[in-house]
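Participant: pasting a predicted model and its sequence here:
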Amino acid sequence: MSSRPLVLLLSGPNLNLLGTRQPEIYGTETLDDHVTTARVAADAAGLDLEHLQSNHEGVLVDEIQGARGRCAAVVINPGAFTHYSWAIHDALAALDCPVVELHLSDPKQREEWRHLSVVEPVAAATVAGLGGDGYRVAVETAAGLIAG
Ligand code: CA2
């Protein structure tokens, strides 16, 4: 059994489709590729990493609630929930560990409806616009926050 601090990586709706459409925005890598990148970065930082993707808001809320007292940090790409899920906002706000918001694209450079993030106010850091490399940067950011 590992005793390394645990990072929970959460992926929101439609991110399971990565690599199949809109490569000009989201790249050609799959979600599995990004999770592998995150795992390598976590391992190098001495952290364990768990990943869950869901298209369902309540499943993500349950998973965030389950992270309380169990995880050292949460890295989340909430997908479109970023822009309107106050339920995810409230669940993240109740955490006792740092949250890193992650996006492949930079939503603030896209359509106006993507400019609001309801996750941003409860995140210690946001990583956006770096494509797949953002997964490495987000985990390294989480490691820095865990280390204090
Ligand atoms: O840039 C990001 O990572 C986003 O979180 C991705 C979300 C979008 O709603 C956010 O504004 C920004 C959408 C993910 C959907 O990904 C797809 C990938 C391939 C085909 C269809 C959707």
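Facilitator: Everything's here; your move.
Participant: at the contact with the ligand, which residues of the chain appear?
Facilitator: Residues of the chain lying close to the ligand by C-beta under 6 Å from any ligand atom are 14-15, 17-18, 20-22, 26, 77, 79-80, 82, 103-105, 107, 114. In this view, the C-beta of every residue, glycine as well, is placed from N, C-alpha and C.
Participant: show me the contact partners of the least confident helix or strand in the chain by mean pLDDT.
Facilitator: Across the helices and strands of the chain, mean confidence by mean pLDDT, DSSP states H and E is lowest for helix 23-26: a mean of 94. Residues outside helix 23-26 that contact it (C-beta atoms under 8 Å, 6 or more residues apart in numbering): 18, 104-105, 131.
Participant: off-centre distance for whatever helix or strand comes next after that helix?
Facilitator: Proceeding N to C from helix 23-26, the next assigned helix or strand is helix 31-44, under DSSP states H and E. Distance of helix 31-44 from its chain centroid, counting by C-alpha atoms, centre = their mean, to the nearest Å, is 12 Å.
Participant: mind listing what the helix or strand following helix 31-44 pairs with, with the direction of each?
Facilitator: Beyond helix 31-44 on the C-terminal side, the first helix or strand identified by DSSP H and E is strand 48-53. If you go by DSSP bridges, strand 48-53 pairs up with strand 6-11 (parallel).
Participant: only alpha carbons, please: show the partner strand as PDB.
Facilitator: The C-alpha trace of strand 6-11 is given here as PDB (Å, rounded to 0.1, in the frame of the first residue of the first chain):
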ATOM      1  CA  LEU A   6      -3.000  11.500  -3.400                       C
ATOM      2  CA  VAL A   7      -4.000  13.900  -6.200                       C
ATOM      3  CA  LEU A   8      -7.500  13.500  -7.600                       C
ATOM      4  CA  LEU A   9      -7.800  14.400 -11.300                       C
ATOM      5  CA  LEU A  10     -11.300  15.000 -12.400                       C
ATOM      6  CA  SER A  11     -12.500  15.400 -16.000                       C
END
